[in-house]
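Trainee: Sharing a sequence plus its predicted fold:
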Amino acid sequence: MSLKAIPKILVTGKNGQVGFELQRSLAILGEVIAVDRNDCDLSNPAAICELVQRIRPDIIVNPAAHTAVDKAESEVELATLLNVTAPQVFAEEAAKLGALLVHYSTDYVFDGTKDGEYLESDATNPQSVYGKTKLAGELAVAAANPRHLIFRTSWVFGAHGGNFLKTMLRLMQQRDTLSVVADQIGAPTSASMIADATAQIIAQYLRSADQAQFAFGTYNLVADGETSWHGYASLINDIAVAQGYTLKIRGSDIKPIPASDYPVPAPRPANSRLNTQKLETTFGLVLPEWQAGVHNVMTLLKQV
């Protein structure tokens, strides 16, 4: 199917962190139709089919997911519907239209035991329901539609929605001390950066002389650099002090602890580092350092 002069881009999860930012970043590329659960219940495959057949998009961008990692351990059926079945149906319906499907996945598809950054080609071994369903969703998308881009990301945060950064900022204003896990490593990645990179790659797809030969596949998409949750919290504190937030805590009041001291229902990867060379080389992108995203979001939050 040839793309129209003004392509239709269907975005799911419009009130989620990434979905919110995608509406901004994709607006210059075409007509964006953004939906949430009130517009389409993604746990209902028939509703997804009806939505896609009615809109007939040229591109579907699907950040919607069951992302409550601990809840997924007891909500296996719902997590499977949202993280496996829904992406599969979107991929199948997109394939019927010759449309591109952009889907998002996670560092949780790995077990976190590797020494070093994970490559897209490394063996997967998810340890949680969330990770297992996200991996199954990746496989379903790839099998159903050759025109797919899957972006694995990690530690997502933004000015919109709930996340670690906003939780830490609130707790630093309420508590005298904090204990934060220091033996899990990853790259805090801003939703706006994910959305901007997605838009740049989709723009390349739209300009491609032969879209059928585009560099489809799975890519790691995270900010540059790495830190621990404790290091992340410490930077949040440093920026908050510099920006004039009223805090009860200073850096020395944030205590590093091992993950074993903070038991949760779903196991987290100790190593969430994802190598982004494939994405940067293929699409000619340079991804910013994670610290820049934290600073930008905190600046926005301070202005609210």
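Mentor: That came through, no problem.
Trainee: Tell me where the stretch 51-200 of the chain has strands.
Mentor: Here the stretch 51-200 of the chain has its strands, by DSSP state E, counting those that start in this stretch, at 59-62, 100-106, 148-153, 156-157, 178-181, 185-186, 189-190.
Trainee: Take the ones you listed and write them to TSV, including mean neighbour count, mean pLDDT and distance to S272.
Mentor: The way it works is simple: take the backbone N, C-alpha and C, and place the C-beta from them, glycine included. Shown next, in TSV, are the strands of the stretch 51-200 of the chain (neighbours: other C-beta atoms under 10 Å; pLDDT from 0 to 100; distance: least, C-beta to C-beta, whole Å):
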stretch	mean neighbour count	mean pLDDT	distance to S272
strand 59-62	27	98	22
strand 100-106	26	98	9
strand 148-153	24	98	10
strand 156-157	25	98	11
strand 178-181	18	97	12
strand 185-186	20	98	3
strand 189-190	26	98	10
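Trainee: so which of the ones you listed comes closest to L206?
Mentor: With distances scored as C-beta to C-beta, the stretch of these nearest to L206 is strand 59-62 (8.3 Å).
Trainee: Please name every helix or strand in contact with the closest one.
Mentor: The helices and strands touching strand 59-62, judged by 3 or more C-beta pairs under 8 Å, 6 or more residues apart in numbering; DSSP states H and E, are strand 8-11, helix 86-97, strand 100-106, helix 191-207.
Trainee: distance between the third one and the chain's centre?
Mentor: Distance, stretch centre to chain centre, for strand 100-106: 9 Å (C-alpha atoms, centre = their mean, to the nearest Å).
Trainee: residues making contact with that strand?
Mentor: 18, 58-63, 65, 87, 90-91, 94, 130-131, 134-135, 137-138, 141, 145, 147-154, 194, 198, 202, 205, 211, 214, 218 (C-beta atoms under 8 Å, 6 or more residues apart in numbering).
Trainee: Which strands border that strand, and is each parallel or antiparallel?
Mentor: Looking at strand 100-106 with DSSP bridges, its partner strands are strand 59-62 (parallel), strand 148-153 (parallel).
Trainee: would JSON lines of those with distance to N275 be doable?
Mentor: Supplementary listing: the strands paired with strand 100-106 in JSON lines, determined by distance: least, C-beta to C-beta, whole Å:
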{"stretch": "strand 59-62", "distance to N275": "23"}
{"stretch": "strand 148-153", "distance to N275": "10"}
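Trainee: Nearest to G225, out of the ones you listed?
Mentor: strand 148-153 (14.3 Å).
Trainee: what does that closest one rub up against?
Mentor: Applying C-beta under 8 Å, 6+ apart, the external contacts of strand 148-153 come out as 91, 100-107, 109, 120, 138, 141-142, 189, 194, 197-198, 201, 216-222, 274, 279.
Trainee: List the contacts of N125.
Mentor: Contacts of N125 (C-beta under 8 Å, 6+ apart): 110-111.
Trainee: follow-up on the earlier one: what's the PyMOL line that selects buried ones from the contacts of strand 148-153?
Mentor: A single PyMOL command is used to select the members of the contacts of strand 148-153 judged buried by 16 or more other C-beta atoms under 10 Å:
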select buried, resi 91+100+101+102+103+104+105+106+107+109+120+138+141+142+189+194+197+198+201+216+218+219+220+221+222+274+279
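Trainee: low pLDDT regions in the stretch 101-250 of the chain?
Mentor: For the stretch 101-250 of the chain, no stretch has pLDDT under 70.
Trainee: show me where it has helices.
Mentor: Secondary structure of the stretch 101-250 of the chain (DSSP state H, counting those that start in this stretch): helices at 129-144, 164-172, 191-207, 229-242.
Trainee: can you list the ones you listed in a markdown table and add distance to Q23?
Mentor: Below are the helices of the stretch 101-250 of the chain laid out as a markdown table (distance: least, C-beta to C-beta, whole Å):
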| stretch | distance to Q23 |
| --- | --- |
| helix 129-144 | 22 |
| helix 164-172 | 20 |
| helix 191-207 | 8 |
| helix 229-242 | 26 |
